[in-house]
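1. The following block contains a protein sequence and its predicted model.
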Amino acid sequence: MHTKDIREEALRYHEEGRPGKIEIVPTKPHATQDDFSLAYSPGVAAPCLEIKQNPIDVYKYTGKGNLVAVISNGTAVLGLGNIGPMAGKPVMEGKCMLFKALADVDAFDIEVDTTDIDRFVQTVQAIAPTFGGINLEDVKAPECFEIEERLKESLDIPVMHDDQHGTAIIAAAALLNGLELTGKKLEEIHVVINGAGAAAIAAARFFLTLGLPCDHLVLCDSKGVVSTRRNNLNPIKRQFATERPVDTLAEAIRDADIFLGVSAPGSLTAEMIRTMAHDPLVMALANPIPEISYEEAISARKDIIFATGRSDIPNQVNNVLGFPYIFRGALDVYASSINDAMKLAATRALADLAKQPVPESVLKAYGLQSLSFGREYLIPKPLDPRLMSVVSPAVARAAIETGVARRAIDDWDAYKASLERRAQKRK
């Protein structure tokens with residue numbers, strides 16, 4: 001489809017019928033006077049008083065436990081940059097639609113008209129009682145790091161900046177399976193990350209949490225290698241400054257096992273790929289145009305494993321594999337946060353799912369005759385109906401085991417079955 005056709009089709013899609021992509025619908029009967037008496041005055045006083053006496057009952061009597069706020073100030077929207085909160089609203093509505101369609105999580109978008117960190121944080125803190133979780137979206141670096149950290153410290157509900165952690169969690173699943181396919185060990189490989197924004201920094205941190213040695217990681221930004229020899233680094237970049245005697249991406253990538261690109265089109269060349277170690281894993285995630293094209297990458301060398309963020313190329317590293325199901329699991333146990341253990345659980349669940357036989361429904365959705373774990377199928381497909389019943393329980397279990405859950409799950413088989421039913425409903 002040509003760019004003009006996509007534009008016209010997208011505008012029609014958003015405008016026709018009820019404008020936008022989400023709406024609010026009642027969940028209780030509302031056809032009679034008795035229904036309204038229970039829903040509002042005088043009946044509503046009963047749950048209000050129960051919640052006042054026991055605040056945790058807010059999860060029992062309201063929709064808080066299935067409601068996520070998608071909050072943005074529009075300063076780093078997709079590939080569009082700082083377009084502001086109003087222009088970013090279609091993206092936030094789209095994120096809400098994905099939450100509902102994929103994991104039956106109700107979500108509502110909140111566009112905050114400020115670039116001031118204090119005002120942003122105070123705004124989210126003030127409205128947080130409404131929600132069971134906060135999904136920060138499209139907030140630019142480096143402000144996003146401080147915003148997320150302050151909200152995590154001050155709120156008792158899950159807070160996650162998906163632009164950071166979503167990419168890190170999915171890329172880590174691809175990394176683990178890439179290592180399994182090539183027989184390499186995490187503690188022995190060398191990784192180069194090109195880009196130093198929210199996703200790149202989060203991925204670097206998460207790879208270290210996964211077990212990658214710190215001195216085996218090189219971060220590059222638009223000025224070259226983030227090195228201890230540079231005096232123009234902010235405090236966040238300085239944490240990842242390498243002492244290796246390399247200054248450019250071309251120098252850093254030589255003999256590297258993994259390349260993760262969250263940067264710009266054209267920043268990686270075939271010549272660079274040819275200098276990497278045997279069986280390199282190249283994740284070129286700049287979207288919609290990756291750091292190097294699929295054709296150039298696979299022609300550079302035969303032993304490459306290649307991934308992008310695109311749906312029309314094998315091995316799509318896409319946040320949609322993570323955030324709906326991570327929040328689903330967190331909400332279902334009334335989690336007070338999303339911690340590293342929960343993110344690691346999601347990563348490992350995704351990696352394991354890719355090794356299972358692929359359902360016929362997935363093959364049909366992608367027009368494939370067959371699909372099995374290998375160099376062109378590192379991680380599950382986004383339309384795999386098993387994602388919720390695999391990832392969400394893993395996240396919920398990790399929340400319970402690490403003490404951030406406020407609700408137990410006594411029957412895991414029943415919980416998984418309930419998630420499978422939810423997944424079936426969306427078809």
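-> Thanks, I have it.

2. ok, Ala126 to Ile110 distance?
-> Using C-beta to C-beta, to the nearest Å, Ala126 is found at 11 Å from Ile110. All C-beta spots, glycine's among them, are computed from the backbone N, C-alpha and C.

3. Please, where are all the strands along the stretch 101-250 of the chain?
-> 106-111, 133-136, 159-161, 191-194, 217-221, 224-225 (DSSP state E, counting those that start in this stretch).

4. What ranges in the stretch 1-150 of the chain fall below the confidence cut-off?
-> 1-4 (pLDDT under 70).

5. May I have the helix or strand hosting Ile6 as PDB, with CA atoms only?
-> Using DSSP states H and E, Ile6 sits within helix 3-15. Presented in PDB, the C-alpha positions along helix 3-15 are these (Å, rounded to 0.1, in the frame of the first residue of the first chain):
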ATOM      1  CA  THR A   3       2.000   6.100   1.600                       C
ATOM      2  CA  LYS A   4      -0.900   8.200   0.200                       C
ATOM      3  CA  ASP A   5      -3.300   5.200   0.400                       C
ATOM      4  CA  ILE A   6      -2.200   4.400   4.000                       C
ATOM      5  CA  ARG A   7      -2.800   8.000   5.000                       C
ATOM      6  CA  GLU A   8      -6.300   8.200   3.500                       C
ATOM      7  CA  GLU A   9      -7.300   4.800   4.800                       C
ATOM      8  CA  ALA A  10      -6.000   5.700   8.300                       C
ATOM      9  CA  LEU A  11      -7.900   9.000   8.400                       C
ATOM     10  CA  ARG A  12     -11.100   7.200   7.300                       C
ATOM     11  CA  TYR A  13     -10.600   4.500   9.900                       C
ATOM     12  CA  HIS A  14     -10.300   7.000  12.700                       C
ATOM     13  CA  GLU A  15     -13.100   9.300  11.500                       C
END
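
6. sorry, back to before: quick one: closest of the strands of the stretch 101-250 of the chain to Val262.
-> Ranking the strands of the stretch 101-250 of the chain by proximity to Val262 (C-beta to C-beta) places strand 191-194 first, at 7.2 Å.

7. on that earlier part again, between Ala126 and Ile110, which is the more surrounded one?
-> Ile110 (20 against 9; other C-beta atoms under 10 Å).

8. Specify the beta-bridge partners of the more buried one.
-> Ile71 (DSSP bridges).

9. contacting residues around it?
-> 69-72, 92, 127 (C-beta atoms under 8 Å, 6 or more residues apart in numbering).

10. Check Ala300 too.
-> With C-beta under 8 Å, 6+ apart, Ala300 has these contacts: 270-271, 273-274.

11. likewise Leu175?
-> 207, 210, 258, 281, 283.
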